[in-house]
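*Asks:* With the input below, show me the fold.
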Amino acid sequence: MTSQAPLTILRPAVSPIGQAAARAATVWSVVFGVFHFYWALGGSFGLGDGAQVEAGLTGGMLAYDLVVGVLCFVGAWVAQELGKAPAARPLIPRWIFLTMAWTATIALVARGGVGVVDDILRSTDVLANGLSGLTVEEVYGEPHPSTYTMWSMRVTDGFFVLGGLVFGTALRGHLRYARTAR
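*Replies:* Residues are numbered from 1 along each chain as shown. Next comes the predicted model:
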């Protein structure tokens, strides 16, 4: 009779939901990064069709889109790492990694959420100038923006919220694993 080694059950690095959220956050980051590089190269899909878009990017917006595009790809790396066990990530200190993940989660939810609420308040005339205090013309560059422009901005706000939610779900899965793995 041969002796058998005890059966070891290997747990996944993060829960299946956390892994799926990490993959979704990675895809979200890559898609948004690609859009920012597309806009930096002069593309306009997703920005609306107002006078500001037709005028093209200024030097400041070009630099902004390039920097944000790079940050999106850093975010894709962070998101991918959220789907792994904490010990499998020796590249940077844990506190820096978690700060990056928390910053992405909070910033994306806040940016998108404020945009959604601002638009709802302005569109329903509850607050004529929304949360920001800006008129429709100040926000969109013209007093009567097209439906395409309005919906482009609404989709963008929703996309920010979605990004924050998938980052937050991935972060939660990562933190739960780290807590139970100790």
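*Asks:* pull the longest helix from the protein.
*Replies:* If you go by DSSP state H, the chain has its longest helix at helix 147-180.
*Asks:* List the buried residues of it.
*Replies:* Residues of helix 147-180 classed as buried by neighbour count (16 or more other CB atoms under 10 Å): 149-150, 152-153, 156-157, 159-175, 177. Backbone N, C-alpha and C define where each C-beta goes, glycine included.
*Asks:* From Ala76, how far out is the most centrally placed residue in the chain?
*Replies:* Centroid-nearest residue in the chain: Gly163, 3.4 Å away (criterion: CA atoms, centre = their mean). Counting by CB to CB, to the nearest Å, the gap from Gly163 to Ala76 is 11 Å.
*Asks:* burial count for the residue lying closest to Trp39 once chain neighbours are set aside?
*Replies:* Residue nearest to Trp39 in three dimensions, not counting chain neighbours: Asp65, with 4.9 Å by CB to CB, 6 or more residues apart in numbering. Neighbour count of Asp65, defined by other CB atoms under 10 Å: 20.
*Asks:* Mind checking what helix or strand follows the helix or strand bottoming out on mean pLDDT in the chain in sequence?
*Replies:* Every helix and strand in the chain was compared by mean pLDDT, DSSP states H and E; the lowest is helix 51-55, with a mean of 64. Next helix or strand after helix 51-55 toward the C-terminus (DSSP states H and E): helix 59-82.
*Asks:* what does that following helix contact?
*Replies:* 14, 18, 21-23, 25-26, 28-30, 32-34, 36-37, 39-40, 57, 89, 97, 100-101, 104, 166-167, 170-171, 173-174 (CB atoms under 8 Å, 6 or more residues apart in numbering).
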